[in-house]
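**Student:** please work out how this folds:
(4 chains)
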Amino acid sequence: MKKVLSPGAAAELVPDGARIMVGGFMGVGTPRRIIDALVASGKRGLTLIANDTAMPGRGLGKLISAKAVRRLIVSHIGLNPETQKQMNEGTLEVELMPQGTLVECIRAGGMGLGAVVTPTGLGTGLEEGKRVIDVDGKNFLLELPIRADFAFIAARQSDYLGNLDYSLTAQNFNPIMAMAAGTVIAEPEHIVPVGVIPPDAVRTPAALVDHLVERPQ
Amino acid sequence: MKKVLSPGAAAELVPDGARIMVGGFMGVGTPRRIIDALVASGKRGLTLIANDTAMPGRGLGKLISAKAVRRLIVSHIGLNPETQKQMNEGTLEVELMPQGTLVECIRAGGMGLGAVVTPTGLGTGLEEGKRVIDVDGKNFLLELPIRADFAFIAARQSDYLGNLDYSLTAQNFNPIMAMAAGTVIAEPEHIVPVGVIPPDAVRTPAALVDHLVERPQ
Amino acid sequence: MTPKERIARRVAQEIELGTLVNLGIGLPSLVASFVPAQSGVFFQSENGVIGLGARPPEGMEDPDLTDAGGGFVTAVPGAAAIDSAMSFGLIRGGHIDVTVLGGLQVDETGHLANWVIPGKMVPGMGGAMDLATGARRVIVAMQHVAKGASKVVKKCDLPLTSSRPIDLLVTDMAVFEVRASRLVLTEIAPGLTPEKVADATEARFETADDVRIMA
Amino acid sequence: MTPKERIARRVAQEIELGTLVNLGIGLPSLVASFVPAQSGVFFQSENGVIGLGARPPEGMEDPDLTDAGGGFVTAVPGAAAIDSAMSFGLIRGGHIDVTVLGGLQVDETGHLANWVIPGKMVPGMGGAMDLATGARRVIVAMQHVAKGASKVVKKCDLPLTSSRPIDLLVTDMAVFEVRASRLVLTEIAPGLTPEKVADATEARFETADDVRIMA
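**Tutor:** So this is what the prediction gives:
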């Protein structure tokens, strides 16, 4: 059985300056209560790995507006003017990656692969500073695995062991990130008895999950 | 809607000498009716990509005993003496790959990645003839993507569009192979109306499946 | 019908029965409404759904079912939910038949720039680079001219989205096929002539023998 | 209790509460029966299940639920079914706490050979190379001597399974820890002495200060 934490207790595990990855796509499938707790606890200097920063007041946008993040690795920041402002002011370092490369690098980090070899970005400005490798006469970019200290995962259901399932487009990066961090903390909408999620419906096996965040009171 | 074929009609699509991949692990999750039809149709010279060749009289063992296969790419042949016999007689060429590398190379073939960069096999005899690459001071083997002309997939259910789900350990290589072939033919145990498999339960989206094999009469 | 809607309607004619299609956000997303419901076309959204349907009726919006722009959508019968690794595996692996992307610039070699205006607008590439690289057919839907300047340029001065040329460009003024890395004018909007299109276009292009009127 | 069962029982003592464990086929699979049901240990089988349970009662065998040897198993409450890419992602990515593998040879640097006897027996490596490379802790369970010859050798002459040394070797005669690529004898079977173990062992090994009796 996993220890069930309050969102505040989960946030307390995270030191300033930690490297965190958080599921979600434009705020959909983002663990909201954990984000709120991280904001409330006044974290500073985080490195945040995520698909995007949503918009101000929504999902990861809150973490940006709270100035908790120093470095950002994302595929898209177009809908959050606050992210762009902090980037232009030089207080937020932003690394943009193609979404498919980003998720694949996180997968590689979680699955013990040494690199991702992808055609995406080849022959564009993205090549700069990156290694190009020739495989059978065709060029590809070699991208490095991505891991974090913590992964924060939004799930539909968890059982008390930590087996997770997801809902529709709220799935997105969550099951991939759940493999790629030292400590994985899941925020399910519901916690259900063991056995309620059938083996074929589990998308993240319990062994990957370190802690669960309690349901809203 | 996908055209529903008889096993015989599915086998007819496959020319002698074709490169095929077939799901299954020791015969569990192998599309049995298609295999029987391939055997009945007297195919010759196939290249077969699979996890193993099961045992004589079971799953892919039937295809081996029928001498339909000229070249085999697998991780394990230990329980099929007929495979070993044909290999020793020189009528069957066998390439052995670590199971994790094999499945990852098939995934790379289906997902447009240029190579797999893995620690598995490094510093063993497997290195021979392969490229070793250094990523951040650590060595890995660079393994090539694997694709086939046909993938034969065993599923639990398909809807009439071709959305598939799988059952327990009968899943194994099936959803991965369903991404990595020119023509993908699924053999479900049941064909159900569209909408019966909920979106979150689909493991292979219909767009990947070219043909369905009809249920047993 | 607005110019954007005319572009979307023309793009919709490119979409074949029973195919899997990814529509970018903005203008490209309008294409869906011109594809007949019975066409067997499935729309993929890179945030993780195949079988995207129309916006739901009021009160039936679900926070867990949105498109790549974050807008509420529905799922058609036979839809599938997938994670982001699978979503981009399908995109990069050539399983998407057509993607329709917006554009900032398309140049005369058929190259697309659509994700950043350095120092000015840095939205990020999102899924655009993977889509432009991996989809079987890449169609760009954009207005021909913005703020008086042709968006169909000699050479993109904005950062490229992919080193792979696009396949088709549809604007409010014309349709260009990309053949052997050259733009070929194949259709013009009603009331225009190839010369008028050329006047409004910075890029050089060839003109097909049988230029038709866009419908 | 047979020598194999004694090996399995000793290996089971290495398995900590609440961990994720992969057992190879053959001798290693016997370990499961010595792990208490309430230990919170989950067994992973590389063919795609986490939470492998005992063989089902007669009549309840399901053809879609087997272990990596193809034998019928059950799934414990809280089990998860996964595909082969995920299964080996977990293995290679260090998510398996312990793997127990059979061995043909272990040498004095702690290297394992267990997948082929060239020209004689070519079963293939199956999942062994990934497991030996990626699991957090690798335990080899094998008989000390086969056909009169020590399986604990100076240097493996059979092809290696991984360039990474194993962590622990448990045989019917002794337990060796691998420390800094050297074998260290830490336990001996009842009735044996370190000298007797050395007599039956081709490999040189160190002997710990506090050698205990295997239980």
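**Student:** interface residues of chain C facing chain B?
**Tutor:** Contact residues (Cβ under 8 Å from any Cβ of the partner chain) of chain C with chain B: C:20, C:40, C:42, C:44, C:49-51, C:75, C:77-82, C:88-95, C:134. From N, CA and C alone the C-beta is placed, and that goes for glycine too.
**Student:** any of these buried? List them.
**Tutor:** Using 16 or more other Cβ atoms under 10 Å in any protein chain shown as the burial test, these include C:20, C:42, C:44, C:49-51, C:75, C:78-82, C:88-93, C:95, C:134 as buried.
**Student:** any residue of the longest helix anywhere in chain A up close to chain D?
**Tutor:** Longest helix in chain A by number of residues (criterion: DSSP state H): helix A:99-110. Yes: residues of helix A:99-110 are located near chain D by Cβ under 8 Å from any Cβ, namely A:107, A:110.
**Student:** that helix: what's the following helix or strand?
**Tutor:** strand A:115-118 (DSSP states H and E).
**Student:** give the other helices and strands that that following strand contacts.
**Tutor:** Applying 3 or more Cβ pairs under 8 Å, 6 or more residues apart in numbering or on different chains; DSSP states H and E, one finds that strand A:115-118 contacts helix A:99-110, strand A:138-143, strand B:115-118.
**Student:** determine which stretch of these is the most buried.
**Tutor:** Each of the helices and strands packed on strand A:115-118 was scored by mean neighbour count; the highest is helix A:99-110, a mean of 28, by mean count of other Cβ atoms under 10 Å in any protein chain shown.
**Student:** strand A:138-143 and that one, what's the angle between them?
**Tutor:** Interaxial angle, helix A:99-110 versus strand A:138-143 (axes from the mean of the first three to the mean of the last three Cα atoms, to 10 degrees): 60 degrees.
**Student:** dump helix A:99-110 to PDB, keeping only the CA atoms.
**Tutor:** Extracted C-alpha coordinates of helix A:99-110, given in PDB (Å, rounded to 0.1, in the frame of the first residue of the first chain):
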ATOM      1  CA  GLN A  99       6.600  17.700 -28.700                       C
ATOM      2  CA  GLY A 100       7.300  14.200 -30.100                       C
ATOM      3  CA  THR A 101      11.000  14.500 -29.300                       C
ATOM      4  CA  LEU A 102      10.200  15.700 -25.800                       C
ATOM      5  CA  VAL A 103       8.000  12.900 -24.900                       C
ATOM      6  CA  GLU A 104      10.300  10.300 -26.500                       C
ATOM      7  CA  CYS A 105      13.300  11.700 -24.600                       C
ATOM      8  CA  ILE A 106      11.300  11.300 -21.400                       C
ATOM      9  CA  ARG A 107      10.400   7.800 -22.400                       C
ATOM     10  CA  ALA A 108      14.100   7.000 -23.100                       C
ATOM     11  CA  GLY A 109      15.000   8.400 -19.600                       C
ATOM     12  CA  GLY A 110      12.500   6.100 -18.000                       C
END
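**Student:** ok so, going back, mind checking which of the buried ones among the residues of chain C next to chain B are in strands?
**Tutor:** Per DSSP state E, strands hold the following members of these: C:20, C:42, C:44, C:49-51, C:75, C:78-81.
**Student:** can you show me the helices along chain A?
**Tutor:** Under DSSP H, chain A gives helices at A:7-12, A:32-40, A:61-65, A:81-89, A:99-110, A:174-177.
**Student:** how far away is A:Met97 from C:Trp115?
**Tutor:** In this view, A:Met97 and C:Trp115 are 12 Å apart by Cβ to Cβ, to the nearest Å.
**Student:** so what sits against both of these two?
**Tutor:** Residues touching both A:Met97 and C:Trp115 by Cβ atoms under 8 Å, 6 or more residues apart in numbering or on different chains: C:Met125.
**Student:** just want to know which of these two has more residues nearby.
**Tutor:** Per other Cβ atoms under 10 Å in any protein chain shown, whichever of A:Met97 and C:Trp115 has more neighbours is C:Trp115, with 28 against 24.
**Student:** quick one: mean pLDDT over the longest helix of chain A.
**Tutor:** On average, the pLDDT along helix A:99-110 is 98.
**Student:** tell me what that helix is packed against?
**Tutor:** Helix A:99-110 packs on strand A:115-118, strand A:138-143, helix A:174-177, helix C:84-92, helix C:128-134, going by 3+ Cβ pairs under 8 Å, 6+ apart.
**Student:** contact partners of the helix or strand just after the fourth one?
**Tutor:** Just to be clear, that refers to helix C:84-92. Proceeding N to C from helix C:84-92, the next assigned helix or strand is strand C:98-101, under DSSP H and E. By Cβ under 8 Å, 6+ apart, the surrounding residues in contact with strand C:98-101 are C:11, C:14-15, C:19-24, C:28, C:31, C:91, C:112, C:114, C:128, C:131-132, C:135-141, C:161, C:166.
**Student:** if we go to 6 Å?
**Tutor:** Residues outside strand C:98-101 that contact it (Cβ atoms under 6 Å, 6 or more residues apart in numbering or on different chains) are C:11, C:21-24, C:28, C:31, C:131, C:135, C:137-141.
**Student:** quick one: strands adjacent to it?
**Tutor:** In the sheet, strand C:98-101 lines up against strand C:20-23 (parallel), strand C:137-141 (parallel) (DSSP bridges).
**Student:** give me the distance between it and the centre of its chain.
**Tutor:** Centre-to-centre, strand C:98-101 and its host chain are 4 Å apart (Cα atoms, centre = their mean, to the nearest Å).
**Student:** CA atoms only: put that strand into PDB for me.
**Tutor:** What follows is strand C:98-101, C-alpha atoms only, in PDB (Å, rounded to 0.1, in the frame of the first residue of the first chain):
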ATOM      1  CA  VAL C  98      -2.600  14.100 -44.100                       C
ATOM      2  CA  THR C  99      -1.700  17.000 -41.800                       C
ATOM      3  CA  VAL C 100      -3.000  20.500 -42.300                       C
ATOM      4  CA  LEU C 101      -0.800  23.100 -40.800                       C
END
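**Student:** enumerate the residues of chain A near chain C.
**Tutor:** Taking Cβ under 6 Å from any Cβ of the partner chain as the measure of proximity, chain A contacts chain C at A:25-26, A:28, A:75-78, A:96, A:98-100, A:103, A:107, A:119-125, A:167-173, A:175-176.
**Student:** now a ChimeraX select for only the buried ones of these.
**Tutor:** In ChimeraX, this line selects whichever of the residues of chain A next to chain C come out buried by 16+ other Cβ under 10 Å:
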select /A:25,26,28,75,76,77,78,96,98,99,100,103,107,119,120,121,122,123,124,167,168,169,170,171,172,173,175,176
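**Student:** so where's chain A uncertain?
**Tutor:** Where chain A drops to pLDDT under 70, the residues are A:1, A:217.
**Student:** contact residues of it facing chain D?
**Tutor:** Checking chain A against chain D by Cβ under 6 Å from any Cβ, the hits are A:110-112, A:161, A:163, A:194-195, A:199-200, A:202, A:205, A:207.
**Student:** need the max-distance pair from the residues you listed.
**Tutor:** In the residues of chain A next to chain D, two members sit farther apart than any others by Cβ to Cβ. They are A:Gly112 and A:Gly195, at 30.1 Å.
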